[in-house]
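*Asks:* here are the coordinates; sequence isn't available:
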């Protein structure tokens, strides 16, 4: 099996645990629906790429961390799409969980996926308990308070937003979870890998902003122009299309410079660049909404 | 410090981590508001009582498990009160989190508390990694899918409810987490303690039903007659007041019989009986709403 297949198989095992026999049918269906079919699985693939670049000797710890991060990402999408947030009826080209199953099941699906993300680490790393505590801490700190995804979303409820803190918490933190957990799962000190995660996160935030303004709903599988509609900060609205694209390239260069010394640094840099650029391929000022 | 003070201090430390410096102010305030001042803290006290009855030699593992369970209980209350569920404006005698901070902050507060519950276990049990995996698994399985609190809530979204499974998942599971985590934190095999948790959970469900029908909103700090209003099953509506009270006593006797042999079994039985009976003290058929 290649990396992508191993990841899907791991996610499948995890979701099967939460959606097993006794599970109420709608919750079980919604849990599967929230995780499969996935998007590009960019975050867990980044975690696995970092672990490989660090020459991991514990591929199970890396795979489980990657799956846990993806479960949390899926949970955040389900809650993001709720009526009280983006009220988005479309996700990955199909009805969002709340559109398909109702708001109550959507809240519970997100909750159950958060629980599952931590449960799965404990289930699969029972035989490597020395890895469990640091990986749980790294991943949890990137999704909860004071500066994980929940905090990032909560900045949207404040009258004044600290934009750097906001972007870093909402998007950067989970990418930092990928790079740090990837390194920690390989037995390395995670802290030196944080800056890389934040840089990639910022680049992806700009790419996301570019796609929101200049992409098509059909290709993205979700509505576009959501930032303007929801009065959220967007780099393109601030810097213009070309300015945002230049900023994206700057951040990518910053990410390259932030890769800590490791056996597979060169290959890792190429992977990150390739995946990042693919996000903005085909976008142009011409396709941007007026 | 007595047990209650140690528990509050532990919860305070945990919440301070999630609501620290960088945290958006509203989320930080809502996190504190969701956890303090607490209710009777019945669940974490049960976990601590079981650990004491098992003569625990690791009081930190017991205390941290108890705090984690209480954080998850608080998270479930915050999400339960959301407009799409009970739409309750009152909790513990003050505005519920969504009433005070809005729906978005309420969703995020619940999410962040779930994350914190697992993060806190990993933070505090880093020095006892052999306890971390089993405690995380026990607690997670009692809150997620297929048969934890999330599943219990999700049964309310099904056309046909399996009432035993529903009550067991919605209420019983977290009590089973208390008895099982209490025993596991003391180094004992948790499985023999599950039945006690379920029996207490069922007794509490009946007590809760009695309070919903025959209690006062003022004393409970939350609205009464919610089951009838939300068309949820309620033992009093099925069995009548006296029938429900007799069933409550039966379940309490069942709980007593389910206490596994342990050094403090007798004392534990007295504590459980005392706390349980205090819940229904003063209720009578006369105070029940017509």
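*Replies:* Nice, I can see it. Note that the structure is predicted; figures quoted are calculated from it, not measured. Numbers count the residues shown, from 1 in each chain, chains lettered A, B, ... in the order given.

*Asks:* residues of the stretch 151-290 of chain A that sit close to chain B?
*Replies:* Taking CB under 8 Å from any CB of the partner chain, the part of the stretch 151-290 of chain A that reaches chain B is made up of A:151, A:153-158, A:165, A:169. Yep, even glycine has a C-beta here, placed from its N, CA and C like the rest.

*Asks:* just the residues you listed: which are in helices?
*Replies:* Cross-referencing these against helices under DSSP state H gives A:151, A:153-155, A:165.

*Asks:* show me what contacts the nearest residue to residue A:152 once chain neighbours are set aside?
*Replies:* Using CB to CB, 6 or more residues apart in numbering or on different chains and skipping the chain neighbours, the partner closest in space to residue A:152 is residue A:170 (2.7 Å). Going by CB atoms under 8 Å, 6 or more residues apart in numbering or on different chains, residue A:170 touches A:149, A:152-153, A:155, A:205.

*Asks:* residue B:209: which of those is nearest?
*Replies:* Here the nearest of the contacts of residue A:170 to residue B:209, counting by CB to CB, is residue A:153; it sits at 35.8 Å.

*Asks:* I'd say that closest one and residue B:105 touch.
*Replies:* No. Proximity of residue A:153 to residue B:105 does not meet the contact threshold set by CB atoms under 8 Å, at 9.2 Å.

*Asks:* those two: who's more crowded?
*Replies:* Just comparing residue A:153 and residue B:105: by other CB atoms under 10 Å in any protein chain shown the higher neighbour count belongs to residue B:105, 28 against 24.

*Asks:* buried ones among the residues of the stretch 151-290 of chain A next to chain B?
*Replies:* Applying a neighbour-count criterion of 16 or more other CB atoms under 10 Å in any protein chain shown, the buried members of these are A:151, A:153-157, A:165, A:169.

*Asks:* export those to TSV and tack on pLDDT?
*Replies:* Putting these into TSV (pLDDT from 0 to 100) gives the following:
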residue	pLDDT
A:151	97
A:153	95
A:154	96
A:155	94
A:156	91
A:157	94
A:165	88
A:169	94
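
*Asks:* show me where pLDDT drops low in the stretch 151-290 of chain A?
*Replies:* Filtered on pLDDT under 70, the stretch 151-290 of chain A yields the residue ranges A:287-290.

*Asks:* tell me the residue of it that sits nearest chain B?
*Replies:* With CB to the nearest CB as the measure, residue A:154 is the residue of the stretch 151-290 of chain A nearest to chain B, at 3.7 Å.

*Asks:* was I right about that residue contacting residue B:105?
*Replies:* Yes. Under the criterion of CB under 8 Å, residue A:154 lies in contact with residue B:105, with a separation of 6.4 Å.

*Asks:* shared neighbours, those two?
*Replies:* By CB under 8 Å, 6+ apart, the residues touching both residue A:154 and residue B:105 are B:26-27.

*Asks:* just the strands in chain A please.
*Replies:* Counting by DSSP state E, chain A forms strands over residues A:90-91, A:94-95, given from the N-terminal end onward.

*Asks:* picking that back up, now, the most widely separated pair of the residues of the stretch 151-290 of chain A next to chain B?
*Replies:* A:157 and A:165 (13.7 Å).

*Asks:* residue A:62: neighbouring residues, count only.
*Replies:* Under the neighbour criterion other CB under 10 Å, residue A:62 is assigned a count of 27.

*Asks:* ignore what I typed, I meant residue A:279.
*Replies:* So residue A:279, with other CB under 10 Å, has 19 neighbours.

*Asks:* ok, now residue A:217?
*Replies:* If you count neighbours by other CB under 10 Å, residue A:217 ends up with 13.

*Asks:* so it sits against residue A:88, correct?
*Replies:* No. At 10.6 Å, residue A:217 does not count as touching residue A:88 under the criterion of CB under 8 Å.

*Asks:* between those two, which contacts overlap?
*Replies:* In terms of CB under 8 Å, 6+ apart, residue A:217 and residue A:88 are both contacted by the residues residue A:223.
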